[in-house]
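when you get a sec, could you give me coordinates for this:
(one chain, ligands or ions: 2)
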Amino acid sequence: MGCNPRGSRLQVGVITLFAVLLLAGVARAAGNFYEDVDITWGDGRGKIVDDGKLLTLSLDRSSGSGFQSKNQYLYGRFDMQMKLVPGDSAGTIATFYLSSQGSQHDEIDFEFLGNASGEPYTVHTNVYSQGKGGREQQFRMWFDPTMDFHNYSVLWNPTRILFYVDGTAIREFKNREAIGVAFPRAQAMRVYASMWDAEEWATQGGRVRTDWSRAPFTASYRAFAANGCTSQDAAACGRSSSPWMYQELDGAAQDRLRQVQRDYMIYNYCTDTYRFPQGLPPECSAN
Ligand SMILES: *[C@@H]1O[C@H](CO)[C@@H](O)[C@H](O)[C@H]1NC(C)=O
Ligand SMILES: *[C@@H]1O[C@H](CO)[C@@H](O)[C@H](O)[C@H]1NC(C)=O
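Ligands and ions are numbered 1, 2, ... in the order given. As a prediction, the model looks like this:
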């Protein structure tokens with residue numbers, strides 16, 4: 001609008017340069033498994049099909065299978081659509097999680113514990129910081145996760161970790177370093193997924209075993225999206241290019257989270273006084 005064209009071209013140039021610098025530490029993976037992940041184990045039981053849009057992981061008596069993201073991230077938002085093993089999936093576990101390496105590793109877990117035919121799946125979540133886990137919360141689902149694909153997301157920033165199911169936050173793990181609780185914030189993580197067997201404990205405490213005559217058990221993954229900082233320097237993720245860095249739950253989302261926890265939570269380490277006779281972990285009373 002009547003402004004100096006040379007000036008505005010210069011401005012565009014500067015803005016573009018600025019945007020490129022901002023994006024330098026940010027990586028996006030968007031839905032092509034050939035480009036975004038490596039199948040790391042399972043000897044052919046993990047398969048990328050449909051031009052990279054679909055990935056299936058199977059489990060039989062001799063092995064499960066799994067994949068990992070090519071990139072490592074320090075903070076980000078990670079989305080996956082999953083369709084779980086239909087029918088009798090007792091003893092089997094499908095996972096979608098983030099983890100760093102080493103004995104003092106950090107980890108953010110979604111695990112889906114199969115069940116006997118017609119019995120509900122359990123969604124198991126956990127957070128490890130500097131090698132210490134034991135922060136399980138488990139949920140039922142409000143839908144049958146074997147009938148169709150559903151969205152499972154992890155959002156991880158310096159102040160909180162959020163677990164989402166179909167866009168609804170079901171769990172928030174806040175940074176409580178102020179009261180001495182370690183929080184994952186220094187180790188980059190990869191995204192992992194796997195299909196494996198844990199018949200000793202996964203289903204109804206191990207009472208219901210895997211029916212191997214039904215193998216292979218197959219879970220499907222699609223629409224993987226990782227928007228995260230790949231640099232060790234989180235400052236490289238500017239506000240405009242990385243909304244996940246500042247994400248919090250608004251009032252309505254907090255209400256929904258409380259409602260889901262009231263209606264669907266089946267285990268919470270924070271109420272397990274039997275397991276923690278010396279007192280519940282400190283983050284449990286900080287709210
Ligand atoms: C999952 O997310 C995609 C993309 O945002 C959306 O189109 C789809 O409806 C979601 N699926 C469910 C079951 O919520
Ligand atoms: C399986 O179904 C039983 C019976 O409904 C339930 O008690 C259990 O929590 C379910 N999930 C697992 C993983 O065992």
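
okay but residue 99 is in contact with residue 106, surely?
Yes: using Cβ atoms under 8 Å, residue 99 is in contact with residue 106, at 7.1 Å. From N, CA and C alone the C-beta is placed, and that goes for glycine too.

how about the residues of the stretch 51-200 of the chain near ligand 1?
150, 151, 166 (Cβ under 6 Å from any ligand atom).

partners of whatever residue of the stretch 1-150 of the chain ends up closest to ligand 1 in the sheet?
Relative to ligand 1, the nearest point of the stretch 1-150 of the chain is residue 150 (4.8 Å; Cβ to the nearest ligand atom). Counting by DSSP bridges, residue 150 forms beta bridges with residue 82.

tell me if I'm right that it and residue 142 touch.
No: between residue 150 and residue 142 there is no contact, the gap being 10.2 Å when judged by Cβ under 8 Å.

gap between residue 286 and ligand 2?
Applying Cβ to the nearest ligand atom, to the nearest Å, the value for residue 286 to ligand 2 is 29 Å.

what sits against residue 32?
Counting by Cβ atoms under 8 Å, 6 or more residues apart in numbering, residue 32 makes contact with 51, 52, 53.

go again using 10 Å as the cut-off
Residue 32 makes contacts with 48, 51, 52, 53, 224, as judged by Cβ atoms under 10 Å, 6 or more residues apart in numbering.

just residue 69 next, same as before
Neighbour list for residue 69: 27, 29, 33, 36-38, 78, 98, 189-193, 224, 226, 228 [criterion: Cβ under 10 Å, 6+ apart].

in strands, which of those fall?
27, 29, 37-38, 78, 98, 190-193, 224, 226, 228 (DSSP state E).

from those residues, which two are the most distant?
27 and 193 (18.1 Å; Cβ to Cβ).

please say which of those two ends up with more neighbours.
Set residue 27 next to residue 193 and count neighbours by other Cβ atoms under 10 Å: residue 193 wins out with 24 against 19.

read off the pLDDT value for the closest residue to that one other than its chain neighbours.
Nearest residue to residue 193, sequence neighbours excluded (Cβ to Cβ, 6 or more residues apart in numbering): residue 96, at 5.0 Å. Listed pLDDT for residue 96 reads 98.

cool, residue 132 as well?
Note on residue 132: pLDDT of 94.

and the gap between the nearest residue to it once chain neighbours are set aside and residue 192?
Spatially, and ignoring its direct neighbours in sequence, residue 132 is nearest to residue 182 (6.7 Å; Cβ to Cβ, 6+ apart). Distance, residue 182 to residue 192, using Cβ to Cβ, to the nearest Å: 21 Å.

thinking again about what came up before, what subset of the contacts of residue 69 is buried?
Those of those that meet the buried threshold are 27, 29, 33, 36-37, 78, 98, 189-193, 224, 226, 228, by 16 or more other Cβ atoms under 10 Å.

one step back: looking at the ones in strands among the contacts of residue 69, spot the one nearest residue 279.
residue 98 (28.9 Å).

surely the closest one is in contact with residue 191?
Yes: under the criterion of Cβ atoms under 10 Å, residue 98 makes contact with residue 191 at 5.6 Å.

mind listing the shared neighbours of those two?
69, 72, 73, 76, 78, 108, 154, 226, 228.

now the helix or strand in which residue 219 is found - C-alpha only, CSV.
Using DSSP states H and E, residue 219 sits within strand 217-229. The C-alpha trace of strand 217-229 is given here as CSV (Å, rounded to 0.1, in the frame of the first residue of the first chain):
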residue,chain,number,x,y,z
PHE,A,217,-1.1,-59.9,16.8
THR,A,218,-0.9,-56.7,14.8
ALA,A,219,-1.3,-53.1,15.8
SER,A,220,-1.4,-50.3,13.2
TYR,A,221,0.2,-46.8,13.2
ARG,A,222,-0.4,-43.9,11.0
ALA,A,223,-0.2,-40.0,10.8
PHE,A,224,2.9,-39.7,12.9
ALA,A,225,3.6,-36.1,13.5
ALA,A,226,6.5,-34.8,15.5
ASN,A,227,6.9,-31.1,16.0
GLY,A,228,9.9,-30.7,18.3
CYS,A,229,13.1,-29.0,19.0
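
what distance do you get for the nearest residue to residue 167 once chain neighbours are set aside to ligand 2?
If the residues on either side of it in the chain are set aside, residue 167 comes closest to residue 151, at 6.4 Å by Cβ to Cβ, 6+ apart. According to Cβ to the nearest ligand atom, residue 151 and ligand 2 sit 21 Å apart.
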